[in-house]
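Engineer: build me a model:
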Amino acid sequence: MSSTKRPETGPTLYARNATGLVRALPLWDVVLFNAASTAPVGAALAVTLFYIGSSFPRANIIAAILIALALCLLMWVAFALLGAAMPKVGGDYVFNGRILHPALGLAGNVAAFIAAWMAAGFWAVEGARAGVGPVLTIIGTVTGNPSWVAWGARVSTDGWVFGIAAGILVILTALSLFGTKIVVRVMSIMYLVSLVGVLISIIVMAFVSQASFIAHLNAFSAPYTHQANTYQSTIAGASKAGLALPTTSGFSVSNTIGAVYAVLGGAILWVWWGVYMSPETRGGGRRSRQLKAILGSGLGQGLIVLIAALVFLKTVGYDFLASASAGHYGVPVPPYFNFFTAVAVGSKVLAVLLSVLFVFAFFPATYINIAMCHRAPFAWAFDGIAPRKLASIDERTHTPAVAIILTLVITVPTAAWAAYSSSFATVIGLFTLFGMVTILITGFSALLMPWLRPEFYRGSEADWRIWKVPVLPVAGAGAIGFAIFCMIDAAVFHTQNGVSNVVWMVILPWVIVIGSALYYFGAQAVQRRRGLDLSLVYKTIPPD
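Structural biologist: Residues are numbered from 1 along each chain as shown. Got it, this is the predicted structure:
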């Protein structure tokens, strides 16, 4: 009788016998964390409505949102099932590295890490540039107070933008050091506060007719535009400038398909981000819990964005949205939904309230990215492919303190880059695509897990059948198709996505894959000289 001896999982393999993290997060906080992972609804609407309005003016926004939701479903299920099967710190790094190969697990995780690193700096800067600055300008404009308008212009300058962004990063770092449960709860509250503003806007705009909105807009705008009918003059100015509008030119299939990627990246894509928090989630190893956390947040966020878009477009109109988003509205405020909601009812109080609530969205949008950056290096160090100091845990707060401080050190310069350089728009356009590498590799893990690692699959939370059909491989195939679609869509519409040279968009993600793989084999060689066979680490599931 023969038997297969499993490799020991003691301190000779891992940094220690336990991660030191604790399961402190309830389901509701994880749902809200996931929902904020792309962006809280207010920020998501700004991207979905106004970015698409200027970049894809003939897009059918409602169709684009529905297509994006349909494309995401199988991909989300793949992450939920794999996250439940291996609810470990590191998320995709752990399950991709154990199912496929550690080099691929590291490659996908590094790609996501870089995307999160860049996004953390981006959202911190947007907190100033799209949040604080415009809020002051809107308040000053609707109340007729030029001092507020001047302050809005001042804090929108590069130095102020960087200072505010750095302050946001420092605040979030301090909260993170106090404990994961504390910071996630604070972010949940901020997400809900910002959501209140969106829901108020939806309710208000649902009961305002387009004729009433136009009358209020014209009355408010006249002192700035010196036009009796600013609504029509805005549309006329856009048409004169050559902007093709839906009413005159019809909806475009091409524009709509291009807008799908914008909806994905700006509103709903990243709700699987919670897999990085699985070891800190109560019931993180249960399939039902992961499905609720990911599908609940994704579909919930998507539904709110869809309803908001329907209501907003009903009241404001496609042509005006596209024209204003393209810069043809002559009032010195950004054409955000909260501003137009206040204009629609002529309320200064509502304008101030909605503007302030909008700012709260940028804190959770920044935090979810730095949270990933905290956990990825921790997971690498725990497995022995990065300095073990990064796997240090504060015994009192159970937080990866060294990794948290490292994240602050690397994200502050990123915020400076985003604040001072116009080239950062290209960087975000490129690095957002890195997440597709993670999704593609995860898709292959889900597709092949039953055959490559049956000992991990059989009887696990990923071993789920509906009408005798195994769900995980089907979800994996869907995730692969999703990633390929996004890569092609981003490349075809690379100019609208902020990237002038499509070659970089096609090649750069694979440079990360190759570089990560080379790093892994280098780390493996170093550890082998120290007497440790690193490949044995990936034959086991890490301890909690």
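
Engineer: what is the helix or strand that contains Phe378 packed up against?
Structural biologist: Element membership for Phe378 (DSSP states H and E) is helix 362-383. Secondary-structure packing of helix 362-383 (3 or more C-beta pairs under 8 Å, 6 or more residues apart in numbering; DSSP states H and E): helix 27-35, helix 92-99, helix 102-126, helix 158-178, helix 180-206, helix 401-420. Heads up, the C-betas are built off the backbone N, CA and C, glycines and all.

Engineer: quick one: buried residues of the longest helix seen in the chain?
Structural biologist: In the chain, with assignment by DSSP state H, the single longest helix is helix 287-316. Neighbour-count burial for helix 287-316, counted by 16 or more other C-beta atoms under 10 Å, picks out 287, 289-302, 304-306, 308-313, 315-316.

Engineer: one more: stretch 171-179?
Structural biologist: Buried positions in stretch 171-179, judged by neighbour count with 16+ other C-beta under 10 Å: 171-173, 175-177, 179.

Engineer: right, and Thr141 touches Val333 too?
Structural biologist: Yes: with contact defined as C-beta atoms under 8 Å, Thr141 reaches Val333; the gap is 5.3 Å.

Engineer: could you list the low-pLDDT ranges of the protein?
Structural biologist: Along the chain, the parts satisfying pLDDT under 70 run over 1-12, 16, 38, 47.

Engineer: before we move on, back to that, go through the helices and strands packed on helix 362-383 and pick out the most buried.
Structural biologist: Highest mean neighbour count among the helices and strands packed on helix 362-383 (mean count of other C-beta atoms under 10 Å): helix 92-99, with a mean of 28.

Engineer: what's it packed up against?
Structural biologist: Looks like helix 92-99 contacts helix 61-85, helix 102-126, helix 362-383, helix 434-452 (3+ C-beta pairs under 8 Å, 6+ apart).

Engineer: may I have stretch 516-534 as CSV, with CA atoms only?
Structural biologist: Coordinates of each C-alpha in stretch 516-534 appear next as CSV, following Å, rounded to 0.1, in the frame of the first residue of the first chain:
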residue,chain,number,x,y,z
SER,A,516,6.9,38.6,-13.2
ALA,A,517,7.7,35.1,-14.4
LEU,A,518,11.4,35.9,-14.6
TYR,A,519,11.2,37.3,-11.1
TYR,A,520,9.6,34.2,-9.8
PHE,A,521,12.2,31.8,-11.3
GLY,A,522,14.9,34.1,-9.9
ALA,A,523,13.4,34.0,-6.4
GLN,A,524,13.1,30.2,-6.7
ALA,A,525,16.8,29.9,-7.6
VAL,A,526,17.7,32.1,-4.6
GLN,A,527,15.6,30.1,-2.2
ARG,A,528,17.0,26.8,-3.6
ARG,A,529,20.5,28.0,-2.7
ARG,A,530,19.2,28.5,0.8
GLY,A,531,18.0,25.0,0.9
LEU,A,532,14.3,25.7,0.3
ASP,A,533,12.4,24.2,-2.6
LEU,A,534,10.0,27.1,-3.3
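
Engineer: what lies in contact with that stretch?
Structural biologist: Contacts to stretch 516-534, defined as C-beta atoms under 8 Å, 6 or more residues apart in numbering, come from residues 12-13, 102-104, 106-107, 109-111, 383-386, 535.

Engineer: run a quick neighbour tally on the spatially closest residue to Trp160 that is not a sequence neighbour.
Structural biologist: Counting by C-beta to C-beta, 6 or more residues apart in numbering, the nearest residue to Trp160 once its immediate chain neighbours are dropped is Arg154, at 6.2 Å. By other C-beta atoms under 10 Å, 12 other residues sit near Arg154.

Engineer: same check, this time on Arg396
Structural biologist: Close neighbours of Arg396, defined as other C-beta under 10 Å, add up to 9.

Engineer: and if you look at the one 3 residues further on?
Structural biologist: Other residues near Thr399 come to 26 when the count uses other C-beta under 10 Å.

Engineer: what does Arg23 give?
Structural biologist: Residues near Arg23, counting by other C-beta under 10 Å, number 16.

Engineer: is it correct that it falls within a helix?
Structural biologist: No: counting by DSSP: H, G, I helix; E, B strand; the rest coil, Arg23 falls outside a helix, being coil.

Engineer: mind checking how far it is from Thr230?
Structural biologist: Distance of Arg23 to Thr230, given as C-beta to C-beta, to the nearest Å: 55 Å.

Engineer: what's the answer for Ile404, then?
Structural biologist: 49 Å.

Engineer: what sits against Phe113?
Structural biologist: 372-373, 376-377.

Engineer: farthest pair within those?
Structural biologist: Checked with C-beta to C-beta, the contacts of Phe113 reach their widest spread between Met372 and Pro377, with 10.3 Å between them.

Engineer: which one of those two has more residues nearby?
Structural biologist: With neighbours defined as other C-beta under 10 Å, Met372 and Pro377 compare such that Met372 has more, 26 against 23.

Engineer: separation between the more buried one and Gly90?
Structural biologist: Taking C-beta to C-beta, one finds Met372 at 10 Å from Gly90.

Engineer: what is in contact with the two at once?
Structural biologist: Taking C-beta under 8 Å, 6+ apart as the criterion, Met372 and Gly90 both touch Tyr276.

Engineer: for the stretch 401-544 of the chain, what spans make up the helices?
Structural biologist: Along the stretch 401-544 of the chain, the stretches classed as helices by DSSP state H, counting those that start in this stretch are 401-420, 424-431, 434-452, 454-457, 471-492, 502-529.

Engineer: rebuild those as TSV, extending it with distance to Leu245.
Structural biologist: TSV is the format used below for the helices of the stretch 401-544 of the chain (distance: least, C-beta to C-beta, whole Å):
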stretch	distance to Leu245
helix 401-420	32
helix 424-431	25
helix 434-452	31
helix 454-457	52
helix 471-492	22
helix 502-529	27
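
Engineer: highest mean neighbour count out of those?
Structural biologist: Neighbour counts (mean count of other C-beta under 10 Å) averaged over each of the helices of the stretch 401-544 of the chain peak at helix 434-452, with a mean of 23.

Engineer: and the angle from that helix to helix 92-99?
Structural biologist: For helix 434-452 against helix 92-99, the angle by axes from the mean of the first three to the mean of the last three C-alpha atoms, to 10 degrees is 30 degrees.

Engineer: identify the spatial nearest neighbour of Val135, chain neighbours not counted.
Structural biologist: Leaving aside its sequence neighbours, Val135 sits nearest to Ser355 (C-beta to C-beta, 6+ apart; 4.2 Å).

Engineer: give the contact list for that neighbour.
Structural biologist: By C-beta under 8 Å, 6+ apart, the contact set of Ser355 is 134-135, 138-139, 338-339, 342.

Engineer: now, among those residues, which is nearest to Ser325?
Structural biologist: Of all these, Phe339 has the smallest distance to Ser325: 12.5 Å, by C-beta to C-beta.

Engineer: that closest one reaches Ala351, doesn't it?
Structural biologist: Yes: the criterion here is C-beta under 8 Å, and Phe339 meets it with Ala351 at 6.9 Å.

Engineer: give me the common contacts of these two.
Structural biologist: Ile138.

Engineer: picking up where we left off before, now for the helix or strand that the longest helix of the chain is followed by, which elements pack on it?
Structural biologist: Following helix 287-316 in sequence order, the next helix or strand is helix 318-325 (DSSP H and E). In terms of contacts (3+ C-beta pairs under 8 Å, 6+ apart), helix 318-325 is packed against helix 52-55, helix 230-240, helix 246-249.
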